[in-house]
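*Asks:* Quick one: sequence and predicted model below, then my questions.
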Amino acid sequence: MTKSDAVALFGNRFLTVPAPSETFPEEGMTATDAMRLVDVDLAMEGDPQRNLATFVTTWMEPEAQRLIAENLHRNFIDHAEYPISAEIEQRCVRMLADLFHAPGKTAGCRTQGSSEAIMLGALSLKWKWRERRQAAGLSTDRPNLIFGGDVHVVWEKFCRYFDVEPRIVPLAEGKYTIGPEDVEPHLDENTIGVVAVLGTTFTGHKDDVVGIDKLLRDVRKERDLDIPIHVDGASGAFVWPFLYPDSKWDFRLEQVRSINVSGHKYGLVYPGIGWLVFREESDLAKDLVFYENYLGKTDATFTLNFSTGASMVLAQYYNFVRLGRQGYTYVMKMMQENARALADNLRDSGRFEVIGSDLEQLPLVAFRLAGKHAYDESDVAWQLSAERGWMVPAYTLPPNAERVKIMRALVKETLSREQIERLSQDIDDACRTLDDKGATHGTERAQVKRGTGY
């Protein structure tokens, strides 16, 4: 029997042959070989169930996975051929508008994630500001946008890509969100909007949306400046309605004109799916809507991306009807309860200070070492990863709180109470190792996950 015959009969030829990587392969391979090749590569990656850095959903029910698999071939943008998919998108938009207390008929759309939703929402802020300025015969050449240092980097990207001056409010040690006193000095007639974060990626808290709303209502009366709020609810807009239903941050506040949220985070859908919802139809700048005759039907499009699969839209609708308010509330409270258990364990160990667990917060634990040690949070993160495979980020906060280094563990529905107890013990064990050996080597620390916006 030749070697090629043996490979075909017994095994995978890439057990002894390097995988294609530099040049386009001349020949193909069997479907089984191709599947094995990719599977073997992926086996070397981290376990998503132990990735406590990512906000992104890593598990869905088998029924949802089947729905996704059966609709991967469906191109969402083709409304002429797939009108039900388009209708389901708008059902989701209407449900979110209801969840966010929109006062009436509104507008919105699905996006690839919150990054696209933010770009679109911020563009609408700029266009609406420009309309107001042009109607008054005023200059439109110096727009600015106000946000805190607690935002995701996509806001700075928007400002750079679309020629808007970023007015960034710095943080401070012990103050990791922003309020009206921070915003007020930066306001002027060229301010296209103020960004308020609901559930920061750094500590999981929210900006003072109520206070900022009151400030902007006062400014409208006193200075005749109508400055809107965009709420970046990438993580929090699927958390606050269920954990803190009486907390006002949404369209119950008059100056909140648009909200983005990631369906693939606490919306409990695989990536990538996001949503943008406006308070009223008039809050969407009409010049940003394109009307195209595509495959025999005129469609209104308001996206940066064109072709994309419909499966995640369908999966989001599946979750809405599967869980409802009752189900989402149960899931969020379960995660919150486990996050509090982890926070208690860390606090009780005497090794850590837990940050802001007495405030409204995402189901996560932000913590830092208490007292002086021969090692820091980055060393703990590395040792925890090396010993037990947990991925817990360690990072410094934005200016002017960059001297503060913290760790953050997201507690999602896949993290059971038994795993909470195991994680607590593993963190303690990692610290005991560091007590004995001291700080990790610089090359090891360089491998620690330091970003926050996953």
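*Replies:* Structure's in. What do you need? What you see is a predicted model, and the numbers here were worked out from it, not measured in a lab.

*Asks:* drop to CA atoms for contacts and neighbour counts, all remaining ones
*Replies:* Noted.

*Asks:* For the residue lying closest to Gly389 once chain neighbours are set aside, grab phi and psi.
*Replies:* Counting by C-alpha to C-alpha, 6 or more residues apart in numbering, Gly389 lies nearest to Arg50, which is 6.9 Å off, once chain neighbours are set aside. Dihedral angles of Arg50 (phi, psi; degrees, to the nearest 10) stand at phi -100, psi 10.

*Asks:* Enumerate every residue touching Arg50.
*Replies:* 389-391 (C-alpha atoms under 8 Å, 6 or more residues apart in numbering).

*Asks:* nearest to Asp141, of those residues?
*Replies:* Met391 (45.2 Å; C-alpha to C-alpha).

*Asks:* surely that closest one meets Ser378?
*Replies:* No. Judged on C-alpha atoms under 8 Å, Met391 makes no contact with Ser378 at a distance of 11.5 Å.

*Asks:* Which SSE is immediately downstream of the longest helix belonging to the chain?
*Replies:* In the chain, with assignment by DSSP state H, the single longest helix is helix 311-348. Moving toward the C-terminus from helix 311-348, the next helix or strand (DSSP states H and E) is strand 352-354.

*Asks:* helices or strands up against that following strand?
*Replies:* Under the contact definition 3 or more C-alpha pairs under 8 Å, 6 or more residues apart in numbering; DSSP states H and E, strand 352-354 sits against helix 311-348, strand 364-369.

*Asks:* hey, which of the ones you listed is tucked in deepest?
*Replies:* A comparison of the helices and strands packed on strand 352-354 by mean neighbour count, using mean count of other C-alpha atoms under 10 Å, puts strand 364-369 on top with a mean of 22.

*Asks:* mind listing what that strand pairs with, with the direction of each?
*Replies:* strand 352-354 (antiparallel), strand 405-410 (antiparallel) (DSSP bridges).

*Asks:* These: which one's closest to Glu165?
*Replies:* Nearest to Glu165 among the strands paired with strand 364-369 is strand 405-410 (28.6 Å), distances taken as C-alpha to C-alpha.

*Asks:* mind checking how far the closest one is from the chain centre?
*Replies:* Computed by C-alpha atoms, centre = their mean, to the nearest Å, the chain-centroid distance of strand 405-410 equals 16 Å.

*Asks:* any idea which helix or strand comes after that strand?
*Replies:* helix 417-437.

*Asks:* Just the C-alphas of that next one, formatted as CSV.
*Replies:* Below are the C-alpha coordinates for helix 417-437, written out as CSV (Å, rounded to 0.1, in the frame of the first residue of the first chain):
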residue,chain,number,x,y,z
ARG,A,417,-21.4,28.9,40.9
GLU,A,418,-19.1,25.9,41.0
GLN,A,419,-16.9,27.6,38.4
ILE,A,420,-17.0,30.8,40.5
GLU,A,421,-15.7,28.9,43.5
ARG,A,422,-13.0,27.3,41.3
LEU,A,423,-12.0,30.7,39.8
SER,A,424,-11.8,32.2,43.3
GLN,A,425,-9.5,29.4,44.4
ASP,A,426,-7.4,29.6,41.3
ILE,A,427,-6.9,33.3,41.8
ASP,A,428,-5.8,32.7,45.3
ASP,A,429,-3.5,29.9,44.2
ALA,A,430,-1.9,32.2,41.6
CYS,A,431,-1.3,34.8,44.2
ARG,A,432,0.3,32.2,46.5
THR,A,433,2.7,31.2,43.7
LEU,A,434,3.6,34.9,43.2
ASP,A,435,4.1,35.3,47.0
ASP,A,436,6.8,32.6,46.7
LYS,A,437,8.5,33.5,43.4
